[in-house]
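Participant: The following block contains a protein sequence and its predicted model.
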Number of protein chains: 4
Amino acid sequence: MAGSSFGNNFKVSTFGESHGIALGAVIDGVPAGLELSEEDIQVFLDRRKPGFNPLSTPRKEDDEVEILSGVFEGKTTGTPIALVVRNTSQKSADYSEIASYYRPGHADYTFDAKYGFRDYRGGGRSSGRETIGRVAAGAIASKILQTLGISVECYTTQIGPVKADLSDYSREKVLSLPTAMPDKEANDRALEYVAKMREECDSVGGVMECRIKGVPAGIGEPVFEKLDARLSAAVMSIGAVKAVEIGDGCAVAGKNGSENNDEFCIKDGKVSKKTNHSGGILGGISDGSDIIVRAYVKPTPSIFKEQKTVNKEGEEIDIKIKGRHDPIVVPRAVVVMESMCAITILDLMISNMSSTLKGLQQFYN
Amino acid sequence: MAGSSFGNNFKVSTFGESHGIALGAVIDGVPAGLELSEEDIQVFLDRRKPGFNPLSTPRKEDDEVEILSGVFEGKTTGTPIALVVRNTSQKSADYSEIASYYRPGHADYTFDAKYGFRDYRGGGRSSGRETIGRVAAGAIASKILQTLGISVECYTTQIGPVKADLSDYSREKVLSLPTAMPDKEANDRALEYVAKMREECDSVGGVMECRIKGVPAGIGEPVFEKLDARLSAAVMSIGAVKAVEIGDGCAVAGKNGSENNDEFCIKDGKVSKKTNHSGGILGGISDGSDIIVRAYVKPTPSIFKEQKTVNKEGEEIDIKIKGRHDPIVVPRAVVVMESMCAITILDLMISNMSSTLKGLQQFYN
Amino acid sequence: MAGSSFGNNFKVSTFGESHGIALGAVIDGVPAGLELSEEDIQVFLDRRKPGFNPLSTPRKEDDEVEILSGVFEGKTTGTPIALVVRNTSQKSADYSEIASYYRPGHADYTFDAKYGFRDYRGGGRSSGRETIGRVAAGAIASKILQTLGISVECYTTQIGPVKADLSDYSREKVLSLPTAMPDKEANDRALEYVAKMREECDSVGGVMECRIKGVPAGIGEPVFEKLDARLSAAVMSIGAVKAVEIGDGCAVAGKNGSENNDEFCIKDGKVSKKTNHSGGILGGISDGSDIIVRAYVKPTPSIFKEQKTVNKEGEEIDIKIKGRHDPIVVPRAVVVMESMCAITILDLMISNMSSTLKGLQQFYN
Amino acid sequence: MAGSSFGNNFKVSTFGESHGIALGAVIDGVPAGLELSEEDIQVFLDRRKPGFNPLSTPRKEDDEVEILSGVFEGKTTGTPIALVVRNTSQKSADYSEIASYYRPGHADYTFDAKYGFRDYRGGGRSSGRETIGRVAAGAIASKILQTLGISVECYTTQIGPVKADLSDYSREKVLSLPTAMPDKEANDRALEYVAKMREECDSVGGVMECRIKGVPAGIGEPVFEKLDARLSAAVMSIGAVKAVEIGDGCAVAGKNGSENNDEFCIKDGKVSKKTNHSGGILGGISDGSDIIVRAYVKPTPSIFKEQKTVNKEGEEIDIKIKGRHDPIVVPRAVVVMESMCAITILDLMISNMSSTLKGLQQFYN
């Protein structure tokens, strides 16, 4: 079966394994006429690069992107854009041992169960490196959204027990601090905590949040292609994510309607809401407020502590994982979540173009 | 755009509005040879019927299903099964007022923003009655899964502040108690709480959980069609759901890898896990353990308290919603979540049939 | 697997069997705001009704359509439109015999091979009655196209050896003559020929052509969703069609480039073509000329002559088919082809709305 | 919109332009465990290479394929296979002139109309080189089909007025003769005819046929995903194809039912047919006979004769196309048609795996 594509009208297909020849994406449905260069994409890829900050794996890769198609004289042509990043720093030797057993928390066993064997080098297709294609596509979606006045910004809100204070948010902090938190003080405490856990051969989970501003009301389809349903799929499809919230998320379960309802009001002559518990989505359709999505990320399963597991011969064994592994994936996953949200929003905005006969008639007249 | 279908190979398309002529579904991709009668489907529909329990709206509907196609001599033929439930108890008069303003927490405003106007009777397409089609399809998916030894069971775990104790779980309690909780004592406290809130003209949120047993390891596709991504979309597409968790869900963010990893072991000669923090899914693929999904449901937005909002003329007004409204949707939504999970699992099991060349060769030899 | 849907953004799903409870379609992606009544659809359905003309089966059905959803206060709401036609004139007894053997030229054997058994009444899902759903959807697509200045007209060009002269084409002739030919004289000769063949217990094939006027240049996607590829699939999916041509079709194989190329010129200040060998499509994209598609239809396989075949027990037998069968399907298939072409054009016009960034920006500003 | 993918469960997405950096395909849904090397694919690509025979353009390209992903230790892993062919022999200078005007018979005008501008180098995305990705994918589909006992063989049956005699068919002739005809004598006459037309600065059309042996009865879905509908779309999506026939094709229009029906019989204890007018497909589903598809290909639009056209300024001008152009595309298109048919058959065979409950149950038990 074919499950490596995302989107209906702006369609992203990724390919590639951690230690194969190359990873990348084909993006079909990019409107013609967008100025696009490799630099636009590289900026996004650099945010997820390994070796970028003290939290990440010592493996250093250039992750240099090449545009193979779909751009002519600096502009998109409307035809598929193929993007490739060659793997250059694989040390397959590191992984030879794991071929024989199933690492706890990893997809080793499930891949074997599904396919009969697996590319065990660095997790193969289940590696976080698969997201290179998503981020490359997200760079393009984000650039298009910008021209429509829409911003998509993702950041870390929690690492282990350390929560960021969002009250003094700035994009600059997110892009410059190694935790991708918009809070210098929390960033520092989080770094300390992670360093301590790394010493203990353990790893750390966290939370990231994405805020999308400027989406007009009316985006998202009422039933199965609800904006929140599509965002959930987009975000939950990122490796280590185990929960997704929209707006107030889990907290709504304990609230009453009178607390949770957002009353409408008129602001600057437009329909607006006094609060935003809904996270910008009502009935699966954007309501014009900021769209807020949150993702809960599990601690990196590759830990250096001794663990019990089984091998392919069906024997119970003790293992100690070696190699290069981030003790936390959140800071690097932030740009992946941002990318998936941008792709989702753009895809649904395109789909929305035919919602009314009037829109269709105006387009063709 | 077309967003009313779900699934790739077992495809469910729903149609219908709260107060239109009829609601229903077309299910394309039902394997031939399944014994199927209207009774099989009615049992599921009855679980979501209004008027079923003290918590639900006094509106009584028969919600009687008719199979229009795809079944011959009591068995599915492999062709699309169209299922229709006619609306019989609409009191459109109740809703005439809401045509003029936007109810807080409802999709009134977003539908108007998207389509230029809306079927305001009972929420139209955004009504919970849309789920009739899903539940009808879920009945069929569940029946097929049963023949494969798979059970899908959903239940209420929380209503407002009242949490159910799951330690003495039984399906019977879920199906017989009005809260759909597997805990009689919590059920009683929850009923009291809801009654109190109803008196205060307010409404209540809650949590439901679905446990899927018997799914073999290997189901789900590695990237965008991950089992957890698909389940998230399925569940988040249910009206009032604002958060979705897999396994330990949000809690993983605060854990360390050594706590969160599930160690593999051998049980009854098979690969198994000592714990199930992962909720039965690793790398987007089932690992053979129970699959666990949780959904957080907001309080019914229709409350009888006075609320502020705006009308279509752009004036700020005070409103008091009348009509028939459940103070909590969770007990009736339980069968909807169960249905969406069953549909998702079956669809991915079908897709998985071509994962290996060996499987393809055995099928055709 | 699920193969009963057609279209990406204007999506038609049909259901129903010849002698089941009902047939119909769900159309998802109809833009909101179109005035639509059952009458609009009935006009199309009446063109494919049995008993309409001397060529068709004596079986008389009302084929009365009911709109179940998606229309409110006389206008489409943007949500799925479910359309149902109940079967009222089934004489299942007529078909009991064919349950036991495979009629030559029919799908009896292939359905059994695929599904293990079949709904043998009137061909079940393989019956021409399946096209009721397509025609109902086509009525809606055609009405939308009309508001965009596009006409889709299909007619018979050949019945057995009798070819129509198209030089004095009028839509009125097509809609009023029983052959759906735009040529009274050929119509009369064709009627005679068919009557003669009917007497000989035999049946007749024919050709139909669809001409689509007013489609702007630029519709169709360059590779797999080429306008001609999609039209071919649309037309070849109609039961008895065995060949599809675009423009000059088969004749191009024997031509030279200098004969076949359409030279561009300027007409009324716009880019135009001196000839239209291409049938209005270049590189899979409409070129602004009339789009021309032709379909070759096999003679009705149900003939009253004795034929040899095999039964389900694997014995060779002689059969004589009884019942009600048109000796030619073309006149009634004309509206089916017209419908499929309208659906295809509209779907691709919607898809084309996001071809350029400029279009996207204008839509959202 | 996104139209560069083909297939539901075996999904091929192509990318690339004639004179861009590279062309290729991503194939998602390849079953795991197939032995696959670049050599398997190169054999197919070499059959469509330019410079291969006296009929083709003097442009010589290596068209060397590189597998970027999806293969590990010589076997497919079940994850997407990305295939890339770098462009090495582009002479973009040749094409600079055509940037300013619209070549008759080409997609220059329609691309401009759709996208606002175009990659004019060698036709950009509308070039025949786009089919490199299809052929690469076809090589994989064919290899899988072979393991199931299915052969897909395509050949030339007509070039200009010269028709091949198929009575002494051999695959060897098709693969070795420059026309890809299975008839040495016709091949020689066709070469002469093409040489003469080339001298006259003109080009030639032709016909190709594909015969698929060994497909079991039951493949194809009854309505819109009919085997013949899917094959038509597959074949009509190849650049210069203007007509598609299944079995007797156009000829059925003039036949009677008694001539056209294929009577069933028992051969070697199995249900068989005495004739094969149907081309192996009944009701959209394979009937176990050879599947026969024919495609009619227009003469190459690039001719060296003077032609009239218009330029982007809207002026009527005379042009003489220069550069490297085959006077006939058929011989090189044969492997493209073979590939598209193989992809279609395999995709529908995979989809068919869930047609019966029994099949599903056997798979999972």
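Facilitator: Received, thanks. Numbers count the residues shown, from 1 in each chain, chains lettered A, B, ... in the order given.
Participant: Wait, a helix at A:Gly24?
Facilitator: No. According to DSSP: H, G, I helix; E, B strand; the rest coil, A:Gly24 belongs to no helix; its state is strand.
Participant: what's the residue lying closest to it once chain neighbours are set aside in contact with, if anything?
Facilitator: Excluding the flanking residues, the one nearest A:Gly24 by Cβ to Cβ, 6 or more residues apart in numbering or on different chains is A:Val84, at 4.1 Å. Any C-beta I mention is one placed from the backbone N, CA and C, and that applies to glycine too. Counting by Cβ atoms under 8 Å, 6 or more residues apart in numbering or on different chains, A:Val84 touches A:Ala22, A:Leu23, A:Gly24, A:Val65, A:Glu66, A:Leu68, D:Leu68, D:Ala82, D:Val84.
Participant: Can you flag the buried ones in those residues?
Facilitator: A:Ala22, A:Leu23, A:Gly24, A:Val65, A:Leu68, D:Leu68, D:Ala82, D:Val84 (16 or more other Cβ atoms under 10 Å in any protein chain shown).
Participant: Which of those residues sits closest to chain C?
Facilitator: A:Leu68 (15.6 Å; Cβ to the nearest Cβ).
Participant: before we move on, back to that, reformat the buried ones among the contacts of A:Val84 as TSV; add pLDDT.
Facilitator: TSV is the format used below for the buried ones among the contacts of A:Val84 (pLDDT from 0 to 100):
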residue	pLDDT
A:Ala22	97
A:Leu23	97
A:Gly24	98
A:Val65	97
A:Leu68	98
D:Leu68	98
D:Ala82	98
D:Val84	98
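Participant: Report whether the strand or helix carrying A:Leu145 contacts chain D.
Facilitator: Here A:Leu145 sits within helix A:131-147, counting by DSSP states H and E. No. On the criterion Cβ under 8 Å from any Cβ of the partner chain, helix A:131-147 is out of touch with chain D, staying 9.7 Å away.
Participant: could you give the mean pLDDT of that helix?
Facilitator: Averaging pLDDT along helix A:131-147 yields 98.
Participant: Is it positioned near chain B?
Facilitator: No. Using Cβ under 8 Å from any Cβ, helix A:131-147 never reaches chain B; the gap is at least 8.9 Å.
Participant: which of the residues in that helix are buried?
Facilitator: Applying 16+ other Cβ under 10 Å to helix A:131-147 flags A:131-145 as buried.
Participant: between these, which is nearest B:Phe111?
Facilitator: Proximity of the buried residues of helix A:131-147 to B:Phe111 (Cβ to Cβ) peaks at A:Leu145, which lies at 23.5 Å.
Participant: my read: that closest one touches A:Val152, true?
Facilitator: Yes. Under the criterion of Cβ atoms under 8 Å, A:Leu145 makes contact with A:Val152 at 6.3 Å.
Participant: residues in contact with the residue of the stretch 201-350 of chain A found nearest chain B?
Facilitator: Across the stretch 201-350 of chain A, the shortest distance to chain B (Cβ to the nearest Cβ) belongs to A:Gly283, at 2.4 Å. Contacts for A:Gly283 (Cβ under 8 Å, 6+ apart) come out as A:Pro222, A:Lys226, B:His106, B:Ala107, B:Thr110, B:Phe111, B:Ser126, B:Gly239.
Participant: Identify the residue nearest it in space, chain neighbours excluded?
Facilitator: That would be B:Ala107: by Cβ to Cβ, 6+ apart, it lies 2.4 Å from A:Gly283.
Participant: neighbours around that neighbour, how many?
Facilitator: By other Cβ atoms under 10 Å in any protein chain shown, 27 other residues sit near B:Ala107.
Participant: Generate JSON lines for the contacts of A:Gly283, with pLDDT as supplementary columns.
Facilitator: JSON lines is the format used below for the contacts of A:Gly283 (pLDDT from 0 to 100):
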{"residue": "A:Pro222", "pLDDT": "96"}
{"residue": "A:Lys226", "pLDDT": "98"}
{"residue": "B:His106", "pLDDT": "96"}
{"residue": "B:Ala107", "pLDDT": "96"}
{"residue": "B:Thr110", "pLDDT": "97"}
{"residue": "B:Phe111", "pLDDT": "97"}
{"residue": "B:Ser126", "pLDDT": "93"}
{"residue": "B:Gly239", "pLDDT": "94"}
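Participant: Among these, which are located in helices?
Facilitator: B:Thr110, B:Phe111 (DSSP state H).
Participant: Going by neighbour count, which residues in stretch A:232-239 are buried?
Facilitator: Residues of stretch A:232-239 classed as buried by neighbour count (16+ other Cβ under 10 Å): A:Ser232, A:Ala233, A:Ala234, A:Val235, A:Met236, A:Ser237, A:Ile238, A:Gly239.
Participant: will you turn those residues into a markdown table that also has distance to chain B?
Facilitator: Output for the buried residues of stretch A:232-239, formatted as a markdown table (distance: Cβ to the nearest Cβ, whole Å):
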| residue | distance to chain B |
| --- | --- |
| A:Ser232 | 4 |
| A:Ala233 | 4 |
| A:Ala234 | 8 |
| A:Val235 | 8 |
| A:Met236 | 4 |
| A:Ser237 | 4 |
| A:Ile238 | 9 |
| A:Gly239 | 7 |
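Participant: nearest to B:Thr76, of the residues you listed?
Facilitator: After measuring the buried residues of stretch A:232-239 against B:Thr76 - Cβ to Cβ - the closest member comes out as A:Ala233, at 28.5 Å.
Participant: Pretty sure the closest one sits against B:Ser232.
Facilitator: Yes. With contact defined as Cβ under 8 Å, A:Ala233 reaches B:Ser232; the gap is 5.7 Å.
Participant: Now list whatever residues contact both of the two.
Facilitator: By Cβ under 8 Å, 6+ apart, no residue touches both A:Ala233 and B:Ser232.
Participant: and stretch A:30-39, how far from the chain's centre?
Facilitator: Centroid displacement of stretch A:30-39 relative to its chain, using Cα atoms, centre = their mean, to the nearest Å, is 21 Å.
Participant: cool, stretch A:18-33 as well?
Facilitator: With Cα atoms, centre = their mean, you get 16 Å for stretch A:18-33.
Participant: Flag every buried residue along that stretch.
Facilitator: A:18-33.
Participant: now swap in stretch A:204-213 and tell me
Facilitator: A:Val204, A:Gly205, A:Gly206, A:Val207, A:Met208, A:Glu209, A:Cys210, A:Arg211, A:Ile212.
Participant: Now for the residue in the stretch 1-150 of chain A positioned nearest to chain B: which residues touch it?
Facilitator: Closest contact between the stretch 1-150 of chain A and chain B, by Cβ to the nearest Cβ, is at A:Ala107 (2.4 Å). Neighbour list for A:Ala107: A:Gly123, A:Ser126, B:Pro222, B:Leu282, B:Gly283, B:Gly284, B:Ile285 [criterion: Cβ under 8 Å, 6+ apart].
Participant: Inside strands: which ones of these?
Facilitator: Judged by DSSP state E, the contacts of A:Ala107 include B:Leu282, B:Ile285 as members of strands.
Participant: Find me the pLDDT at the residue nearest to A:Ser142 when sequence neighbours are not counted, would you?
Facilitator: Leaving out its chain neighbours, the residue that sits closest to A:Ser142 by Cβ to Cβ, 6+ apart is A:Ala342, at 4.5 Å. Looking at A:Ala342, its pLDDT reads 98.
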